[in-house]
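**Student:** Provided below for reference: sequence and predicted model.
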Amino acid sequence: MNITDQIVASEKTLLKAIKDRDIASLDNLLHDDLLFNLPSGQTITKAADLDTHRSGLITIFTIEAKEQQINMIGDTAVVAVTINLKGKYIDHSIDGTFSYLRVWKNFNNQWKVIAGSCIELN
């Protein structure tokens, strides 16, 4: 499998883990020093992200990727992807299209997300 195919597969695994609230997979895919900017402008860490999923505060019903672009820079991949997302966070409905930017880096033959951001498009 070439590197681009590995990133595509890693992205699919990540989205499935988010939808399934698979904490073990998320823990494996996210780097310990991850920083992620939410649409609100808040920056969260891996621990905060995992806690949100673990606690059940967020529930994802649908997560569909489209319009994915991958740029390779050495052992780092920058992914821009548009995602249709439906779910809920606490008592707030989530239903929209979001633009995600994720940075994947290879550590000992394993791809991990080291940074990312998300904005709502509609």
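**Tutor:** Alright, I've got the coordinates.
**Student:** low-confidence regions, this structure specifically.
**Tutor:** Where the chain drops to pLDDT under 70, the residues are 122.
**Student:** quick one, helices of it?
**Tutor:** Using DSSP state H, the helices assigned to the chain run over residues 3-20, 23-29, 46-55.
**Student:** contacting residues for the residue lying closest to residue 69 once chain neighbours are set aside?
**Tutor:** In space, and not counting its chain neighbours, residue 69 is closest to residue 80: 4.6 Å by Cβ to Cβ, 6 or more residues apart in numbering. Glycine gets a C-beta too; all of them are placed from N, C-alpha and C. Residues in contact with residue 80 (Cβ atoms under 8 Å, 6 or more residues apart in numbering) are 68, 69, 99, 100, 101.
**Student:** count the neighbours of the second one for me.
**Tutor:** Spelled out, that is residue 69. Look at residue 69: counted by other Cβ atoms under 10 Å, it has 10 neighbours.
**Student:** picking that back up, in TSV, list the helices of the chain along with distance to residue 89 and mean neighbour count.
**Tutor:** What follows is these, written out as TSV (distance: least, Cβ to Cβ, whole Å; neighbours: other Cβ atoms under 10 Å):
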stretch	distance to residue 89	mean neighbour count
helix 3-20	12	16
helix 23-29	16	15
helix 46-55	8	15
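**Student:** for residue 61, give me its contacts.
**Tutor:** Here residue 61 is in contact with 86, 87, 88 (Cβ under 8 Å, 6+ apart).
**Student:** of the helices of the chain, which is nearest residue 107?
**Tutor:** Evaluated over the helices of the chain, closeness to residue 107 peaks at helix 23-29, with 11.2 Å, by Cβ to Cβ.
**Student:** can you name every helix or strand that that closest one contacts?
**Tutor:** helix 3-20, helix 46-55, strand 110-120 (3 or more Cβ pairs under 8 Å, 6 or more residues apart in numbering; DSSP states H and E).
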